[in-house]
Each structure stands twice: as structure tokens, then as C-alpha cells.
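[1] Any chance you could fold what I've pasted below:
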Amino acid sequence: MNVNDFDFELPEELIAQTPLAERTASRLLALDKRSGEVAHRTFTDLKQYLRPGDTLVLNDTRVLPARLHGIKPDTGARIELLLLKQLEGDRWETLAKPAKRLRPGVELWFGDDGQGGPLLRATVESEGETGGRVVVFRYEGIFHELLDRLGEMPLPPYIRETLADRERYQTVYARHEGSAAAPTAGLHFTAAFLEELRTQGVNTAFITLHVGLGTFRPMSAERVEDHVMHAEYYQLDEANAALIRETRERGGRIVAVGTTSARTLETVAGRFGAGGVRACSGWTDIFIYPGYRFGLVDALLTNFHLPKSTLVMLVSALAGRATTLRAYAEAVERQYRFFSFGDAMFIY
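    Next comes the predicted model:
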């Protein structure tokens, strides 16, 4: 398959720049993956597509305020680091701008301690590909408190508006800090709407997948099969694994909320089989594209994704490429809002 097979026209004005005032106010495109039938609804109509005994699987990762602006103290040149993954201790994998000036041994300063020095120092340890740098931080106090004080939310590059409330780039159920990007399908939920679904008999299970480097890198291969995903850390505890097992045993559907949940579920299915889900953790680089046979995911709630992206390919694996692209064309025609702060799509 060629990457261009997953291209489509997207007017720039359909890229949502800010979240809606109400999380549940977005639109919902419902797609029947068997018939290809499309319905245009609002997000809270999701409850009409869910049945008692279904289980929503939500990614409870929490986004770090991982974008740091600082200087090179020797020249005063401005630099930017995006924290992607904690390696061990105070060593981090990052994306750097401008990377060509940040060679191993270069020192970076962030913040002002009021005495002519920084609140946070970093030294570049090694260089990686496409702007990647491993840095080691030095500081006094608690690192995450400094990061919360100095860092900005790592909004994707296609969002140019300032985010007034950083919590709007977090899900209401975010718990485990470690992501470089939000699992955006979950941004539509409020605690009240989740409780309404539970009252209806819909279960909620939680997994954790910390979104990392792959989110920020476009596909460079021409053939889909040649693309290599970056590994991301995931975790599933026994209580939630048991709920997923029981849902399958009772004949309920596993509904992945977001592509990150879908990739984690399919990684677990690959380890244990659909009927033997157990608590586990590790690193996944699973790449799901058409031809893949899903082991656990029956339905998917997701946002609308970038052309030629691995996420469009995952959706196409579930619904079929032609069906997915027809639904996307209809979404464009009806002016749905796209990407992180955009509208939602339910594939069932």
C-alpha cells in the first residue's frame, strides 16, 4: 500500500484551533463499519449507540506541561525543548529547536532564580534523529513542580491559538503523568456524562499509554508497510483486565476511546489472546493498518485525523479504507471540526 492512498483534501479552516466551551458540545459522525452508513449526530447521542454490558476503555494518561523555552547562556540564543520520554532519573528524550545548535555538552537554562541564574539547567548528552536530543536536567527542589511552573502544554503544531485553560488539553479522568500529547478522543467526556453512561449499564475500564515521539513525526516512507512506529509505554492493571475479560465473556463490546486505547488493547490481545487478557505493562510499537485483524476492539471512538497519518490508517483497518475516506469526505463537506480540539467519530 502507498501512503498516498490515505490522502484527502482538508481545508485549513476546518482545523479546530480552540476547544468548545462545553466538552460534550461537539458533533458526532457515527459510521457503521459493515454497511458504511453514516449518521450525523451530537456527541451525547453516543449513549444511543452503546448498550448495557459494553465497556468503554479509556486512556488515563496525563499530559506533562512538556514544552520548555530557554536560552543558551553562552550566547543568549533562544531554544525550545519538548520532553518526550523520561529515560531514567533526570535523563530525558526530547525534541529540540533549533536542534543544529544543540551539540553534546551544550548547557541550557530555563527560568530565572532571581540571582542571575536559572531555575532549571540541562546539558545535552547525545543527538538523535530529526531533532532528537537526550538531555540531563539539574535543579533544586522537585522536578515536576518546576516543570509545572516553567512548562507549557505541548499543543500540536497545527494549533496556533493560545490555550487559556491548560486543563482543556487533559481528559477529566487523566491520572498518570507522562504523555507528550493528549489522548484527544477522551476530551469530549465530562464526569457527568460518564456517570450517565454508567447508569445506562455501560462499564468504564482504564488503561495507560503515554503518548510519545511518534505523535510528532510524519510518515517518511512511501510504502505503508515500511513505516516503523516509535515505542510507547503502556500499563494495564488486573482490575481493569478482569473487567475487559468479563465483558468479552458476557458478549459485551469493547469500545476503545481513542487510537491510543485501541493500540494498547491490540497489544494486550497479541500477548494473551482476546479471551486471556491479564495485567501487564511494557513498550508497544504496534502499527495497525488495513489488513490487520482486530483481537479485542469491537468499536472505536476517535477524532478526525491528519491526511496520510498512521491514525487514519488505524481507522481504515477497522472500517475499511474506502468507507473511511468516504466518511471523511462527508465530514469535510459538512464542515466538521478536525484534529485535537475537533469533533468525534464513532465506528461501530
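[2] How about the backbone phi and psi for residue 24?
    The phi and psi values for residue 24, taken as degrees, to the nearest 10, are phi -90, psi 10.
[3] And the pLDDT at it?
    Confidence at residue 24, expressed as pLDDT, is 98.
[4] which residues does it contact?
    43-44, 188-190, 193 (CB atoms under 8 Å, 6 or more residues apart in numbering). No exception for glycine: its C-beta is placed from N, CA and C like everyone else's.
[5] same thing but 7 Å
    By CB atoms under 7 Å, 6 or more residues apart in numbering, the contact set of residue 24 is 43-44, 188, 190, 193.
[6] cool, residue 9 as well?
    Contacts of residue 9 (CB under 7 Å, 6+ apart): residue 332.
[7] just the contacts of residue 24 now: which is nearest residue 15?
    Lowest distance from residue 15 to the contacts of residue 24 (CB to CB) belongs to residue 188, with 17.1 Å.
[8] what's the next secondary structure element after the helix or strand in which residue 149 is found?
    In this assignment (DSSP states H and E), residue 149 forms part of helix 143-150. Downstream of helix 143-150, the next assigned helix or strand under DSSP H and E is strand 176-179.
[9] Tell me the first helix or strand C-terminal of the host helix or strand of residue 300.
    Using DSSP H and E, residue 300 maps to strand 299-303. Per DSSP H and E, strand 299-303 leads on to helix 310-319 as the next helix or strand towards the C-terminus.
[10] Against which helices or strands is that following helix packed?
    Applying 3 or more CB pairs under 7 Å, 6 or more residues apart in numbering; DSSP states H and E, one finds that helix 310-319 contacts helix 259-272, helix 321-333, strand 344-347.
[11] cutoff 10 Å now
    strand 27-31, helix 259-272, strand 299-303, helix 321-333, strand 344-347 (3 or more CB pairs under 10 Å, 6 or more residues apart in numbering; DSSP states H and E).
[12] what inclination does that helix have with respect to strand 27-31?
    Counting by axes from the mean of the first three to the mean of the last three CA atoms, to 10 degrees, helix 310-319 lies at 50 degrees to strand 27-31.
[13] Output helix 310-319 as PDB, nothing but the C-alphas.
    Extracted in PDB, the C-alpha atoms of helix 310-319 (Å, rounded to 0.1, in the frame of the first residue of the first chain):
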ATOM      1  CA  THR A 310      -0.900   6.300  10.900                       C
ATOM      2  CA  LEU A 311      -4.100   7.200  12.800                       C
ATOM      3  CA  VAL A 312      -6.200   7.400   9.500                       C
ATOM      4  CA  MET A 313      -4.700   4.000   8.700                       C
ATOM      5  CA  LEU A 314      -5.800   2.500  12.000                       C
ATOM      6  CA  VAL A 315      -9.300   3.800  11.400                       C
ATOM      7  CA  SER A 316      -9.200   2.400   7.900                       C
ATOM      8  CA  ALA A 317      -8.200  -1.000   9.300                       C
ATOM      9  CA  LEU A 318     -11.400  -1.100  11.400                       C
ATOM     10  CA  ALA A 319     -13.800   0.400   8.900                       C
END
